[in-house]
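K.L.:
what's the 3D shape of this:
(one chain, ligands or ions: 1)
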Amino acid sequence: MVSSPFDETVVPIGRFAPSPTGALHFGSLLAAVGSYCLARHGGGRWLLRMEDLDTPRVVSGAADEIMRTLEALSLFWDGEVVWQSRRTERYAAMLARLDEQGLVFGCACSRKEILASAPHAGEEGPVYPGTCRSGLAPGLRPRAWRLRVPSSQVCLTDGVFGPLSQCLADEVGDFVLRRADGLFAYQLAVVVDDADAGVTQVVRGQDLLSSTPRQIYLQDCLNFPHPRYIHLPLALSAEGEKISKRHGAVAVGRGGELIWQVLRFLGQPVPQSLRGAPPGEILAWGIRFFDLAMVPKASRVPNSLIED
Ligand code: GLU
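P.N.:
Numbers count the residues shown, from 1 in each chain. The predicted structure is shown next:
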């Protein structure tokens, strides 16, 4: 399984897929600006999807705030916004398609049981030990639904991080498609949404790199094409953790400065003379000159944070 080689002749369809769990912060803006410039650089479309599937984490008003912020920063998207919360029937249909292929099984394990039987937690929590893979013990009811994963390697070439491979069986285990609370899992939703929207280029934070082999495997199972993957370095707080909504929303009033800082963080030599220019003007520079080869791999504290 190899994700498709980059085909520069294809007009890209990119997307930004924020979770409306809070306002936009510097970290999420990296993905927005990176995906925007790379899609527009290739003359392509840039779509917006609200990942509001995890309803308990959704903050009321956050989606609206994100959209207003994007507009204030001249990050204008194409077409209608896609709302994951309105697409559950589609996710159910795709889960059924996987089930028909014998790839899905019900799992009765609690998180605590999985932790107890798999103490060697990987980067994303414990590797599922396969407890319910060959059927549930009598009297047990399925809580979640999982996808059977193969022991072969999933390979991809990331636009920043280069060639990578992962053995899902060893490093992740059979993963959840529908959670115990009935919600569809991010991994399934993102694959179905990207395919339905014809997304050819996924640009997002490096924290999602480890999810990508799962998504590529799901695309294979569902007979979907593989988009090109580009993962960007993360912005860290002064304490060395990933910047999140906890660290505050971006200051739209200083939009030009912000976009300038984002492009510099992404290794782009945006001229000093553009610093503080209107966001649209700086983005126009980004669309024209964005060079993937300049994007650094290292996550770090952005200068704007040091200066503030
Ligand atoms: N909704 C995810 C986030 O805000 C991004 C998912 C993706 O880009 O695939 O972190």
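
K.L.:
check contacts around the closest residue to residue 76 other than its chain neighbours.
P.N.:
Nearest residue to residue 76, sequence neighbours excluded (CB to CB, 6 or more residues apart in numbering): residue 70, at 7.5 Å. The C-beta positions use only the backbone N, C-alpha and C, and glycine is treated the same way. Residue 70 makes contacts with 16, 24, 32, 48, 76-77, as judged by CB atoms under 8 Å, 6 or more residues apart in numbering.

K.L.:
in stretch 222-242, what's buried?
P.N.:
Neighbour counts over stretch 222-242 (16 or more other CB atoms under 10 Å) mark 222, 224, 226-237 as buried.

K.L.:
For residue 197, give me its contacts.
P.N.:
The contact partners of residue 197, by CB under 8 Å, 6+ apart, come to 13, 15, 47, 49, 82.

K.L.:
In JSON lines, list those along with distance to residue 182.
P.N.:
Below are these laid out as JSON lines (distance: CB to CB, whole Å):
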{"residue": "13", "distance to residue 182": "31"}
{"residue": "15", "distance to residue 182": "26"}
{"residue": "47", "distance to residue 182": "27"}
{"residue": "49", "distance to residue 182": "21"}
{"residue": "82", "distance to residue 182": "21"}
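
K.L.:
neighbour-wise, which of the residues you listed leads?
P.N.:
Neighbour tally across the contacts of residue 197 (other CB atoms under 10 Å): the maximum, 29 neighbours, falls on residue 15.

K.L.:
Doesn't it lie inside a strand?
P.N.:
Yes: with DSSP: H, G, I helix; E, B strand; the rest coil as the criterion, residue 15 is part of a strand.

K.L.:
these two touch, right, it and residue 200?
P.N.:
No: the criterion here is CB atoms under 8 Å, and residue 15 misses it with residue 200 at 9.7 Å.

K.L.:
sorry, back to before: return the member of the contacts of residue 70 nearest to residue 185.
P.N.:
residue 16 (20.5 Å; CB to CB).

K.L.:
so who does the nearest residue to residue 11 once chain neighbours are set aside touch?
P.N.:
Nearest residue to residue 11 in three dimensions, chain neighbours excluded: residue 44, at 4.8 Å (CB to CB, 6+ apart). Neighbour list for residue 44: 11-14, 200-201 [criterion: CB under 8 Å, 6+ apart].

K.L.:
ok, and the closest non-adjacent residue to residue 113?
P.N.:
Distances taken as CB to CB, 6+ apart place residue 131 nearest to residue 113, at 7.3 Å, with adjacent residues excluded.

K.L.:
Tell me how many other residues surround that neighbour.
P.N.:
17.

K.L.:
just the one 10 residues further on next, same as before
P.N.:
The number of residues packed near residue 141 is 7, by other CB under 10 Å.

K.L.:
How about the residues of the chain by the ligand?
P.N.:
Residues of the chain found near the ligand (CB under 6 Å from any ligand atom) are 17-19, 51, 190, 204, 208.
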